[in-house]
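J.: for reference, the sequence and a predicted model appear below.
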Amino acid sequence: MPIKGLEWTFDTVAREYDKWRPTYVPELYEDIFAYSNISAKSCALEIGIGTGQATKPILDTGCNVVAVEYGANLAALAAENFKDYSNFSVINLPFQSYVGRKDSFDLIYSASAFHWIAEEEGYKKVYELLKAGGTFARFASHPSCLIEGQEELADKIRYICFRYMPNPTGATEPRPLVQYTEEDSKRRSDIAAKYGFADITTKIYYRDLVYRSDEYINRLAIESDKIALESHTRDLLLNDIKKVIDEYDGKITIRDMIDLNLARKL
C-alpha cells in the first residue's frame with residue numbers, strides 16, 4: 001500500500017522512473033475504448049501522468065489529452081516524451097488544484113496515481129469535469145514476488161525489508177506478504193457508486209515480468225518508500241536484495257496484477 005505523504009518522492013527520480021516503471025497491457029486499452037468509444041473528436045484528462053507510462057495508446061486515438069502532474073521534473077519529462085503530439089499538453093500541478101470547465105471531458109483516467117487523492121475530493125471533482133455519459137477509468141499495477149516456486153526467495157526478501165524499512169514499534173517479525181486480490185479490486189470499483197457513477201465494471205489482467213537482479217533493484221529503487229529512505233540505508237537494502245536474488249540464478253519473477261475500474265457519469 002502507498003504511504004500517504006510520499007507523493008513528492010517520484011519527482012526526485014524522474015529519469016529512472018521513466019526507464020523502469022512498466023507500461024500497461026494492450027488488453028486494458030481495448031477494454032477502455034470498447035467502454036468509452038473515444039475518438040479524435042474526444043477530450044481526455046489524465047490524472048498523475050508521471051512520465052507517460054499510460055499515455056501513448058490514448059494519444060494514438062487522436063483525442064485531445066490534457067495531463068496534470070504534481071512533480072515538476074515528471075511533467076517536464078512527459079512534455080519531452082510527447083513533444084511530437086499536437087493533441088497533448090501537460091500542466092504541472094496537483095489534480096486537487098486543477099481548475100477545468102465542468103462537463104468538458106469524455107474520458108478521465110488515472111494510472112497508479114488516484115490513490116494519492118482523498119476519495120471524496122477526487123471522485124467528486126472527476127464527476128464534475130466529465131460530460132454526461134463520460135468515462136472514468138482508474139487502473140493500477142499490483143506486483144508480487146510471492147508466486148509458486150519462489151516462496152523461499154520471497155520470504156528472504158521480506159526479512160531483508162524488515163531489517164531496513166520502518167516497522168511498527170516493538171515488531172520482532174516482518175508482516176506477512178499481503179497480495180491485492182480481485183475482491184479488493186471489486187470493492188474499489190464500487191466506491192464510484194457513492195459519488196453518482198453508474199455502469200461500474202471491473203477488469204483484471206495478469207502478466208509475469210522476469211528481472212535480472214540488477215534490473216529488479218533498479219525497479220525497487222523508484223518505489224516511494226524506498227526513495228524516502230536515507231541513502232545509505234537504501235543502498236544496503238537494495239544490495240542485500242540483489243545478493244539474495246543472485247543466490248537463485250540471478251533472476252526473479254514478478255506477477256503483476258493490473259486492475260481496471262470503469263464507471264460512467266449519468
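T.: That came in fine, so what should we check first?
J.: so what's the gap between stretch 17-32 and the chain middle?
T.: Distance of stretch 17-32 from the chain centroid (C-alpha atoms, centre = their mean, to the nearest Å) equals 10 Å.
J.: ok, which stretches of the protein are helices?
T.: With DSSP state H applied, the chain shows helices at 14-20, 26-36, 56-59, 72-81, 119-129, 151-164, 182-190, 213-220, 224-227, 231-246, listed in chain order.
J.: and Asp240, how far from Val210?
T.: 21 Å (C-beta to C-beta, to the nearest Å). For the C-beta atoms, the positions are set from N, CA and C on the backbone; glycine is no exception.
J.: more crowded one of the two?
T.: Asp240 (18 against 10; other C-beta atoms under 10 Å).
J.: my guess is that one meets Ile160, correct?
T.: Yes. Counting by C-beta atoms under 8 Å, Asp240 touches Ile160, with 4.8 Å between them.
J.: list the contacts of the spatially most central residue of the chain.
T.: Central residue check for the chain by C-alpha atoms, centre = their mean: the C-alpha nearest the mean position is that of Ser112, 1.9 Å away. By C-beta atoms under 8 Å, 6 or more residues apart in numbering, Ser112 lies in contact with Gly48, Gly50, Phe139, Ala140, Ser141.
J.: so which of the residues you listed are in strands?
T.: Assigned to strands by DSSP state E, the following of these qualify: Phe139, Ala140, Ser141.
J.: redo the residues you listed as CSV? Include neighbour count.
T.: Conversion of these to CSV gives the following (neighbours: other C-beta atoms under 10 Å):
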residue, neighbour count
Phe139, 25
Ala140, 20
Ser141, 22
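J.: turn those into TSV, columns for distance to Gly100.
T.: Output for the ones in strands among the contacts of Ser112, formatted as TSV (distance: C-beta to C-beta, whole Å):
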residue	distance to Gly100
Phe139	21
Ala140	23
Ser141	27
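J.: what is the nearest of the residues you listed to Ser86?
T.: Within the ones in strands among the contacts of Ser112, the smallest distance to Ser86 is 25.8 Å, found for Phe139 (C-beta to C-beta).
J.: quick one: contacts for that closest one?
T.: Tyr24, Leu28, Ala54, Tyr109, Ser110, Ala111, Ser112, Ile258, Asp259, Leu260, Asn261.
J.: and what of Ser189?
T.: Here Ser189 is in contact with Ile200, Thr201, Thr202, Asn261, Leu262, Ala263 (criterion: C-beta under 8 Å, 6+ apart).
J.: what two of those have the greatest distance between them?
T.: Thr202 and Ala263 (10.0 Å).
J.: which of the two has more neighbours?
T.: Between Thr202 and Ala263, counting by other C-beta under 10 Å, Ala263 is the more crowded of the two (27 against 16).
J.: wait, doesn't the more buried one sit right on Ile191?
T.: No. In this structure, Ala263 is not within contact of Ile191 by C-beta under 8 Å, at 9.0 Å.
J.: pull up the overlap in contacts between the two.
T.: Contact criterion C-beta under 8 Å, 6+ apart; no residue bridges Ala263 and Ile191 by contacting each.
J.: okay, now the unreliable bits of the protein?
T.: Counting by pLDDT under 70, the ranges of the chain that qualify are 1-5.
J.: and Tyr98, what does it touch?
T.: Counting by C-beta under 8 Å, 6+ apart, Tyr98 touches Val68, Ile91, Lys125.
J.: isn't the second one right up against Ala67?
T.: The reference is to Ile91. Yes. Taking contacts as C-beta under 8 Å, Ile91 lies within contact range of Ala67: 7.0 Å.
J.: who has more neighbours, these two?
T.: Neighbour tally, Ile91 and Ala67, criterion other C-beta under 10 Å: the higher count belongs to Ala67, 26 against 17.
J.: state the distance from the more buried one to Phe136.
T.: When C-beta to C-beta is applied, the distance between Ala67 and Phe136 equals 15 Å.
J.: same deal with Leu229?
T.: With distances defined as C-beta to C-beta, the gap from Leu229 to Phe136 amounts to 34 Å.
J.: buried ones in stretch 79-86, by neighbour count?
T.: When neighbours are counted by 16 or more other C-beta atoms under 10 Å, the buried residues of stretch 79-86 are found to be Ala79, Asn81, Phe82.
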